[in-house]
Every structure is written in structure tokens, then in C-alpha cells.
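Participant: below is the sequence, then the predicted model.
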Amino acid sequence: MGGDAKKSAAMPPFESARERGGRLYDRLRDDILCGRLRPGEGLSETKLAEQHGISRTPVREVIQRLAKENLLAIVPQVGTFVAPIKLSSVTSSQFIREALECRAVRFATERATRPQVEALRQQMSRQEQAIANGDSAAFFQLDEQMHALILHIAGHPHAWDLIASVKAQLDRVRYLSLEDERWLKMIYRQHREIVGAIRGKDPAGAEQAMQDHLRSVFDAVARIAEEHAQFFEQEPAALDRGIA
């Protein structure tokens, strides 16, 4: 009785198989991006179907969808595994971010109003609190909000939608890097430098600080690979930093 009650609470009886499949997709994708499911970890189609109260067909569809996004790897006759981080996608998404955000931060520095600068200052306070709480997940979300806010101040809010659509593999590295408190604090210091340059009306300084910040992902890859080289699809030494 108790087990059935818990299952009902977790899986509303009126929820269709399609809706349950959509929820499973969201859950698995989030678990992979956040690192709760590590590269190389195996997944059981049967167990997922049992856990989420759906047939194996929608589970299979979810797995196929995530495989197309390079988040799962399907090995015939062997099983399904969390895919390694695709380094070519990391470099491509970093390139897009740098091209858009370095230009945008100059515009933001030139256009920021006092209320917008205050919003950035408050953002930094919330990031500091997340670090004090040891909450890397909250810090990650605040990081996202800060970058989106800068693009909004620059007058190009929809550019963030483009960035968000291509950075899944990059986010996997970012989440893993923030598991190290020292790295988290370093990213916070970089954020302070960016916001400080915006507040000081220093476009060149803001652009340089943003570039340094975005390129730190390459160092994150190298650091993570020291202990977990198997997390990546190729040797990090092959990573193209795109630096002239």
C-alpha cells in the first residue's frame, strides 16, 4: 500500500505515456549535463521503464533521442552508456560564446544603466552566497543568469537562446569543474572582474575579462582529464583552443 502510494505521488495516474516519456527525457538529460550520470555509466532500458512506470517503447525513444544529441552511446549487443564528452562540440560552443559574448560585453559596458549595474551587483552577492552554502548547482544557475543578463543589457537578449542551444557538451565540463570548490571560487573572481569592468565603464577591460573567463574551460578540461581521461572522447591534448 505504501509503495503504491509513493508511486502514485511520483507518477500521477492521469499522466500519459507520452508525458512520462517527456519527463524521463528531461530527467536523464539533466542528470547527464549535471554529472549525476557520469560518462561511461550504463543505463538499463528495462529498469528505466519500471522506475518511471512506462513501457520500453517510449524509453527506447528517449534513449534514441539522447543518442542523437551525443549524450548517450548505444553499443549493439552490449548496452547503453552515458556518452563521453565530445570535445569538438566543447570547442565549437566555446568559440560561439566567445564571438558573441566578448562583443556583447563591450556593448553592455557602454550602455549599462545604474539599475542594470545594480542588478549585476546583486547577482554577484547571490553567487557569493551560493559559494558560502556550498551549492554548486545554484551557482551554475546564477552563472547562466549573469551571462544572459549581460546580453540583455547589450541589447541582444535572444543571443542567449542561440548560445544555450549549442552548449550541452560545454555545460558538462562546466558542471564537473564546479565540483572543485577552488575552481568555483576562481570562476566567481572572474565574474567579479567582468562586472567590475562594466561598472567602471571599461569596454576593453570587460572584453578581456570575458575572454579569459570563457577560455578557462580549456584548463577545466585538462584538470578533469588528469583524474578522468575516460570522460572525454579523445585526448584533451587534441583540444583546439582556437587561440591565434
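Facilitator: In hand now; what should we look at? Numbering: from 1, shown residues only.

Participant: please tell me how far residue 230 sits from residue 86.
Facilitator: Distance, residue 230 to residue 86, by Cβ to Cβ, to the nearest Å: 14 Å. Where C-beta positions appear, they are placed from N, C-alpha and C, glycine not excepted.

Participant: more neighbours: these two, which one.
Facilitator: residue 86 (20 against 11; other Cβ atoms under 10 Å).

Participant: show the pLDDT at that one.
Facilitator: Note on residue 86: pLDDT of 94.

Participant: ok, and the closest non-adjacent residue to residue 52?
Facilitator: Excluding its sequence neighbours, the residue lying closest to residue 52 (Cβ to Cβ, 6 or more residues apart in numbering) is residue 24, at 5.1 Å.

Participant: quick check, pLDDT for the one you found.
Facilitator: pLDDT, read off for residue 24, is 95.

Participant: so it sits in a helix?
Facilitator: Yes: Residue 24 sits within a helix when classified using DSSP: H, G, I helix; E, B strand; the rest coil.

Participant: can you verify my assumption that it contacts residue 58?
Facilitator: Yes: under the criterion of Cβ atoms under 8 Å, residue 24 makes contact with residue 58 at 7.4 Å.

Participant: just the CA trace of the helix or strand harbouring residue 192, in PDB.
Facilitator: Assigned by DSSP states H and E, residue 192 falls within helix 181-199. Extracted C-alpha coordinates of helix 181-199, given in PDB (Å, rounded to 0.1, in the frame of the first residue of the first chain):
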ATOM      1  CA  GLU A 181      35.400  24.500  -4.600                       C
ATOM      2  CA  ARG A 182      38.700  26.100  -5.600                       C
ATOM      3  CA  TRP A 183      37.600  26.300  -9.200                       C
ATOM      4  CA  LEU A 184      34.200  27.600  -8.300                       C
ATOM      5  CA  LYS A 185      35.800  30.400  -6.300                       C
ATOM      6  CA  MET A 186      38.100  31.200  -9.300                       C
ATOM      7  CA  ILE A 187      35.000  31.500 -11.600                       C
ATOM      8  CA  TYR A 188      33.400  33.800  -9.100                       C
ATOM      9  CA  ARG A 189      36.500  36.000  -9.100                       C
ATOM     10  CA  GLN A 190      36.400  36.100 -12.900                       C
ATOM     11  CA  HIS A 191      32.800  37.200 -12.700                       C
ATOM     12  CA  ARG A 192      33.700  40.000 -10.400                       C
ATOM     13  CA  GLU A 193      36.300  41.200 -12.800                       C
ATOM     14  CA  ILE A 194      33.800  41.300 -15.600                       C
ATOM     15  CA  VAL A 195      31.200  43.100 -13.600                       C
ATOM     16  CA  GLY A 196      33.800  45.400 -12.200                       C
ATOM     17  CA  ALA A 197      34.900  46.400 -15.700                       C
ATOM     18  CA  ILE A 198      31.200  47.100 -16.600                       C
ATOM     19  CA  ARG A 199      30.700  49.200 -13.600                       C
END
